[in-house]
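Student: Predicted structure and sequence below. I'll ask about it afterward.
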Amino acid sequence: MMETERLEEVIGAMVSRTYEANSFIIREGEIGFHFFVSVEGKFEVMKGNKTIDSFGAGVVFGELAILYKAKRFASIKGE
């Protein structure tokens, strides 16, 4: 668990963003600079042009590219 003070700093650094339906939030192969937390909506995980998974609210995504200094492994598209 993260101590309260540090957790408040992380939350304070977050910015709210809204995306249009059917728009890409992350594109496979791009370099990652941000990670995301889904608050509402549905999202598709795509590899190539094929949907391989989906998720809804309360999911953290996009962090692997940042943690491993790697390109994005998949695309994320809002539904």
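Tutor: Arrived safely. Numbering: from 1, shown residues only.
Student: What pLDDT is listed against the spatially closest residue to Gly56 that is not a sequence neighbour?
Tutor: Excluding the flanking residues, the one nearest Gly56 by C-beta to C-beta, 6 or more residues apart in numbering is Lys42, at 5.4 Å. Any C-beta I mention is one placed from the backbone N, CA and C, and that applies to glycine too. According to the prediction, Lys42 has pLDDT 97.
Student: Next: the one 5 residues further on.
Tutor: Lys47 is assigned a pLDDT of 97 by the prediction.
Student: do Leu7 as well
Tutor: Here, the pLDDT recorded for Leu7 equals 89.
Student: With Thr51 instead?
Tutor: Here the pLDDT value assigned to Thr51 is 97.
Student: host element of the nearest residue to it once chain neighbours are set aside?
Tutor: Of all residues not flanking Thr51 in the chain, Glu44 sits nearest, at 4.8 Å (C-beta to C-beta, 6+ apart). Using DSSP states H and E, Glu44 falls within strand 43-47.
Student: what does that strand contact?
Tutor: Residues from elsewhere that reach strand 43-47, judged by C-beta atoms under 8 Å, 6 or more residues apart in numbering: 25, 28, 51-56, 59, 61, 73-79.
Student: For Met14, list the residues it contacts.
Tutor: Val37.
Student: On the three-state scheme, it is what?
Tutor: Secondary structure state of Met14, per DSSP: H, G, I helix; E, B strand; the rest coil, is coil.
Student: From His34, how far off is it?
Tutor: Separation of Met14 from His34 (C-beta to C-beta, to the nearest Å): 10 Å.
Student: Report the set of residues contacting both of the two.
Tutor: Listed as contacting both Met14 and His34 by C-beta under 8 Å, 6+ apart is no residue at all.
Student: Pull the number of nearby residues for the closest residue to Val10 other than its chain neighbours.
Tutor: Closest residue in space to Val10, ignoring its immediate chain neighbours: Met2 at 7.3 Å, by C-beta to C-beta, 6+ apart. Met2: 9 surrounding residues under other C-beta atoms under 10 Å.
Student: do the same with the one 3 residues further on
Tutor: Summarising burial for Glu5: neighbours were counted as other C-beta under 10 Å, giving 7.
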